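Colleague: predicted coordinates and the sequence they were generated for:
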Amino acid sequence: MFVALFASVLPACGMAVNWSSEFFAPHVQSTGQKLGGQFSFALGCFNQGFTPTATNTREWSSYWIELGRTGFNAEEASFCATTDSESPEFPAELKSLNGVQVFVWGMNGMNPADGVEWFLATDASWVWQAGQGAAAVPATYVVTNANQVVLGRVDRADGHLETAYVGPERQSPQAWLAACFSDVKAPKAQWNGDADGDGAANIMEFALGTDPNDPGSVAAPSVRLTEDGRLRLELAKNPSAAVRVTVESSTDLEKWVTDAPGIVTLEETGSWVTVEQDSKVGRGASLYFRARASFAK
């Protein structure tokens, strides 16, 4: 990692920052889904001369210098962390950083080709100032107070943030229907129709990237036990489809629940969704998963 282009050497002293979102706020993705534990947030800066914008997202990771990272707490609907340049975990090569603009970057994946959700914000006052001294009161950065949101949005009325989609160009539902059906008004071309009779409605075929006219074109999810005995489901999605895919679980095939206690979303991007039990499957226990597709509101 090269930082000498914009680092200045100061006497050994530190800076500490408490950085967070609002707690128990309705933080959501661009699809309207709540942020979950698959999201993480990072505190950092970009190499001098690079300005992140909504149009150069594929370049961000090449210029990013990370100062700290934390996960999103789904139970408290928030993230909160402290980054201290005097802590043993802080990279030694970054201790001399001074006068650089600091950003908070939220993400559920690093590769835009997968269709990811990102958030990036900064504020005029968010400047990394080495030389405060180790005893100085930590600075406080709250993302919903940021005066510059590069990607995503914030709603200061209720303190929530919203991520933005980054990935392959999304295909509109109307364009997909026109490409698949000569008569989009025909019953078989309706979203709840099943043109090829394979048991998957057209909206699910769109969401998973399968051919609605070919019964042999199916998206088979992977359901397996992990090495430590947890049940895991992995489902590939169509990253260009502007459709919300929700995984529900049930223990009796009658009552289906989203975000059930004990079920953790490990990954959720435009290309994949992975959910897993947070404990081993008990002897004789039953657990079922199903996917539901709907248009983002």
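Modeller: Yes, it's here. Residues are numbered from 1 along each chain as shown.
Colleague: which residues of the stretch 101-250 of the chain score low on pLDDT?
Modeller: 131-136 (pLDDT under 70).
Colleague: again, only this time at 50
Modeller: 133-135 (pLDDT under 50).
Colleague: how about the strands in it?
Modeller: 116-128, 139-142, 148-151, 153-155, 160-162, 164-166, 222-225, 231-236, 243-250 (DSSP state E, counting those that start in this stretch).
Colleague: reformat the ones you listed as a markdown table; add distance to residue 95 and mean neighbour count.
Modeller: Bear in mind the C-beta positions are built from the backbone N, C-alpha and C, glycine included. Shown next, in a markdown table, are the strands of the stretch 101-250 of the chain (distance: least, Cβ to Cβ, whole Å; neighbours: other Cβ atoms under 10 Å):
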| stretch | distance to residue 95 | mean neighbour count |
| --- | --- | --- |
| strand 116-128 | 11 | 21 |
| strand 139-142 | 17 | 17 |
| strand 148-151 | 26 | 18 |
| strand 153-155 | 31 | 17 |
| strand 160-162 | 30 | 21 |
| strand 164-166 | 32 | 21 |
| strand 222-225 | 44 | 11 |
| strand 231-236 | 41 | 18 |
| strand 243-250 | 43 | 19 |
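Colleague: so which of those gets nearest residue 19?
Modeller: Checking the strands of the stretch 101-250 of the chain against residue 19 by Cβ to Cβ gives strand 139-142 as the closest, at 4.2 Å.
Colleague: okay, the residue nearest to the spatial centre of the chain and residue 167: tell me how far apart.
Modeller: Centroid-nearest residue in the chain: residue 108, 2.6 Å away (criterion: Cα atoms, centre = their mean). The gap separating residue 108 from residue 167 is 11 Å, by Cβ to Cβ, to the nearest Å.
Colleague: shared neighbours, those two?
Modeller: 116, 269 (Cβ atoms under 8 Å, 6 or more residues apart in numbering).
Colleague: all helices for the stretch 1-150 of the chain, in order.
Modeller: For the stretch 1-150 of the chain, the helices defined by DSSP state H, counting those that start in this stretch cover 60-63.
Colleague: you'd agree the residue nearest to the centre of the chain is up against residue 41?
Modeller: No: Residue 108 is beyond contact range of residue 41, at 10.6 Å (criterion: Cβ atoms under 8 Å).
Colleague: out of the strands of the stretch 101-250 of the chain, nearest to residue 295?
Modeller: strand 243-250 (6.2 Å).
Colleague: which residues are contacting that closest one?
Modeller: 31-33, 173, 203, 206-208, 233, 235, 237, 256-258, 260, 263, 265, 273, 275, 287-296.
Colleague: what strands flank it, and is each parallel or antiparallel?
Modeller: Counting by DSSP bridges, the strands paired with strand 243-250 are strand 257-258 (antiparallel), strand 288-295 (antiparallel).
Colleague: next, the angle from it to strand 231-236.
Modeller: 160 degrees (axes from the mean of the first three to the mean of the last three Cα atoms, to 10 degrees).
Colleague: and residue 255, how far from residue 111?
Modeller: With Cβ to Cβ as the criterion, residue 255 and residue 111 are 36 Å apart.
Colleague: tell me which of these two has more neighbours.
Modeller: Taking other Cβ atoms under 10 Å, residue 255 and residue 111 do not tie; residue 111 has more neighbours (14 against 10).
Colleague: which residue, other than its chain neighbours, is closest to residue 190?
Modeller: Nearest residue to residue 190 in three dimensions, chain neighbours excluded: residue 202, at 6.9 Å (Cβ to Cβ, 6 or more residues apart in numbering).
Colleague: hmm, that neighbour is touching residue 212, no?
Modeller: Yes: contact status for residue 202 versus residue 212: in contact at 5.0 Å, counting by Cβ under 8 Å.
Colleague: what do the two both touch?
Modeller: By Cβ under 8 Å, 6+ apart, residue 202 and residue 212 have these common neighbours: 180, 195.
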